[in-house]
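Enquirer: Got a sequence here, can you build the structure:
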Amino acid sequence: MSLTSIQEEISRLSSAERVKLIDILWESLDEARVKEIEAKWAAESEERIDAVDRGELQTVDGPSALSDLRDSLRK
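Expert: A predicted model of the protein is given here:
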C-alpha cells in the first residue's frame, strides 16, 4: 500500500478514529526515539515558560489563537 493510498484512507476516518491512529503510530515508534522527542518537548515547554516569566514572550488565550489561525488560513 502506498503512502498516498494510506493518506486517502486516513481522510475517510472519523476524528475519533484518527486520534486512535495517532496513538497507535506513536506507540509503534522506537522507545528511545519517543523518549528523545518527549525530552525535546519538555525542554521547549520549560524554555517557553521561562520566557513568559521573563516577559519576553506574550501569551494568547486559546479562542483568540484559534480565531487568528482561522483568519490566516482564509487569506
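
Enquirer: Quick check: phi and psi on residue 54?
Expert: phi -80, psi -10 (degrees, to the nearest 10).

Enquirer: Report the separation between it and residue 48.
Expert: 11 Å (Cβ to Cβ, to the nearest Å). Placement of C-beta: from N, CA and C, glycine included.

Enquirer: Between the two, which is the more surrounded one?
Expert: residue 48 (13 against 8; other Cβ atoms under 10 Å).

Enquirer: What sits closest to that one if chain neighbours are left out?
Expert: Closest residue to residue 48 apart from its sequence neighbours, by Cβ to Cβ, 6 or more residues apart in numbering: residue 57 at 6.3 Å.

Enquirer: can you tell me the helix or strand for the one you found?
Expert: Assigned by DSSP states H and E, residue 57 belongs to neither a helix nor a strand.

Enquirer: ok, now residue 60?
Expert: Applying DSSP H and E as the criterion places residue 60 outside every helix and strand.

Enquirer: residues touching it, list them.
Expert: residue 68 (Cβ atoms under 8 Å, 6 or more residues apart in numbering).

Enquirer: quick one, phi/psi of it?
Expert: phi -130, psi 130.

Enquirer: Distance of it relative to residue 72?
Expert: Computed as Cβ to Cβ, the residue 60 to residue 72 distance reads 13 Å.
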